[in-house]
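> Provide a 3D model corresponding to the input given below.
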Amino acid sequence: MSVNITALRSDQIYRNIIQAAPAEKQELYRQEMLSPFMGKWNIQHIPFRAQEPGGFDVITMNNWMNIAPEAITSDINEPLAAISTAAFWKQCQEAVETSLDVFVKEGVTLNVSDYLYTILLGDPDSPMLQMNEGISGDGGIPGYIIANLVPNAYTLPRIPSVLAHECNHNVRYQHIQWNPGITLGEMVVSEGLAENFATSLYGEELLGPWVTKTDMHTLNTIIKPKLKDQLDVTGFDQIHAYLYGDEIARMQNFTPVGVPYAAGYACGYHLIRYYLNKTGQPITEATITPASVILAETKEFWHEETLFHD
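Predicted structure coming up:
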């Protein structure tokens with residue numbers, strides 16, 4: 001199957017919106033930036049347009065971490081310039097192409113042929129994005145990839161790695177059936193696979209903050225003991241705090257469970273390192289392996305001390 005990878009050039013859309021009248025900005029953003037991802041919103045049951053004024057929709061979700069449409073004025077010219085070069089978009093395109101090509105070359109079937117990606121400008125005042133050191137991504141729905149960042153010396157070099165991470169999710173969920181009763185174990189495994197895949201391509205020096213901000217003492221004494229008996233817990237409202245940590249849980253009105261930032265991500269990264277080292281399985285094959293198989297092979301991980309980022 002041939003793969004078609006398309007960039008939605010957000011930089012050009014931002015420029016259009018800068019020129020628009022204030023009253024037109026939100027609708028222009030909705031139509032030009034968000035409607036190309038309609039297939040994603042529909043699968044996630046996120047309303048494209050709120051049922052009542054002030055209700056939840058794609059704009060509400062966008063504004064959690066990204067620059068809101070009404071704030072798209074000439075004030076954003078500096079960050080906009082950072083994502084406006086041909087070199088930047090070439091780098092993004094190559095990251096997505098390389099990531100998907102790794103799977104094809106290893107014989108992993110891609111059931112989706114068309115991929116759309118874009119890069120959104122993050123809101124520097126977003127508490128959630130601040131916790132992520134100004135960079136994030138979204139790639140759980142096959143065929144759609146979004147990365148967002150506040151452009152700076154830390155985030156810009158990490159964009160290819162973040163895109164690789166999201167491509168890994170894209171491929172996994174073409175083979176593993178997503179369902180609303182997803183377990184914490186699946187989410188921990190999934191995030192660990194994605195970050196190990198990214199580092200296999202771009203190196204550990206570009207690990208995301210969702211891994212690097214956790215030291216080994218915290219992993220061994222707080223995160224592992226909290227997570228090991230919760231892996232079968234289902235429902236996003238139940239697993240959210242374990243995955244993202246208490247601070248983000250509070251921001252999104254979920255119940256804290258006593259774990260730090262991105263606990264599930266950091267734990268997943270080291271869990272999958274353990275699994276890959278133990279089994280010798282390639283990361284590409286591991287990506288499409290059920291979480292139950294991976295967790296059955298890694299029971300010792302929860303009781304052994306992880307010593308370092310190996």
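
> Show me the domain layout of the protein.
Following automatic domain parsing, one finds the domains of the chain at 4-173, 178-302.

> May I have the distance across the longest one, first residue to last?
When you say that, I think you mean domain 4-173. Its start and end residues considered, domain 4-173 measures 18 Å (C-alpha to C-alpha, to the nearest Å).

> same question, stretch 133-145
The first and final residues of stretch 133-145 sit 20 Å from each other (C-alpha to C-alpha).

> Generate CSV for the domains of the chain, with mean pLDDT as supplementary columns.
Formatted as CSV, the domains of the chain follow (pLDDT from 0 to 100):
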stretch, mean pLDDT
domain 4-173, 97
domain 178-302, 95
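
> So what touches stretch 284-297?
Contacts to stretch 284-297, defined as C-beta atoms under 8 Å, 6 or more residues apart in numbering, come from residues 102-103, 106, 108, 168, 171-172, 175-176, 183, 185-186, 188-190, 193, 196-197, 231, 271-272, 275-276, 278-279, 281. C-beta coordinates here come from the backbone N, C-alpha and C atoms, glycine included.

> ok, back up a step: tabulate the domains of the chain in TSV, adding columns for mean neighbour count.
Output for those, formatted as TSV (neighbours: other C-beta atoms under 10 Å):
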stretch	mean neighbour count
domain 4-173	18
domain 178-302	19
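
> Go through the contacts of stretch 284-297 and flag which are in helices.
Among the contacts of stretch 284-297, DSSP state H puts 102-103, 168, 171-172, 175, 185-186, 188-190, 193, 196-197, 271-272, 275-276, 278-279 in helices.

> what's the closest non-adjacent residue to Ala241?
Using C-beta to C-beta, 6 or more residues apart in numbering and skipping residues adjacent in sequence, the residue nearest Ala241 is Ala249, 3.7 Å away.

> Surely the one you found is in contact with Pro256?
Yes: if you go by C-beta atoms under 8 Å, Ala249 and Pro256 touch, sitting 5.1 Å apart.

> Where is the longest strand in this structure?
If you go by DSSP state E, the chain has its longest strand at strand 114-121.

> Can you work out which other helices and strands pack against the helix or strand just after that strand?
As assigned by DSSP states H and E, the chain's next helix or strand after strand 114-121 is helix 127-131. Secondary-structure packing of helix 127-131 (3 or more C-beta pairs under 8 Å, 6 or more residues apart in numbering; DSSP states H and E): helix 58-65, strand 135-138, helix 246-251.

> immediately after the longest one, which helix or strand?
Tracing the chain past helix 58-65, the next element assigned as helix or strand by DSSP H and E is helix 77-82.

> neighbouring contacts of that next one?
With contacts defined as C-beta under 8 Å, 6+ apart, helix 77-82 is touched by 11, 14-15, 18, 88, 121, 150-151, 156.

> List every C-alpha atom in that helix, with coordinates, as PDB.
The C-alpha trace of helix 77-82 is given here as PDB (Å, rounded to 0.1, in the frame of the first residue of the first chain):
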ATOM      1  CA  ASN A  77       4.800  37.000  14.600                       C
ATOM      2  CA  GLU A  78       8.000  35.800  16.400                       C
ATOM      3  CA  PRO A  79       6.800  32.200  17.200                       C
ATOM      4  CA  LEU A  80       5.100  32.100  13.900                       C
ATOM      5  CA  ALA A  81       8.400  32.800  12.100                       C
ATOM      6  CA  ALA A  82       9.900  29.800  13.800                       C
END
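
> Report the distance from that helix to the chain centre.
Offset of helix 77-82 from its chain centre (C-alpha atoms, centre = their mean, to the nearest Å): 23 Å.

> So what sits opposite Thr234 in the bridge?
Note on Thr234: beta-bridge partners Thr183, judged by DSSP bridges.

> Please tell me how far the spatially closest residue to Leu34 that is not a sequence neighbour sits from Pro256.
Computed as C-beta to C-beta, 6+ apart, the closest residue to Leu34 that is not its neighbour in sequence is Val58, at 4.9 Å. With distances taken as C-beta to C-beta, to the nearest Å, Val58 is found 28 Å from Pro256.
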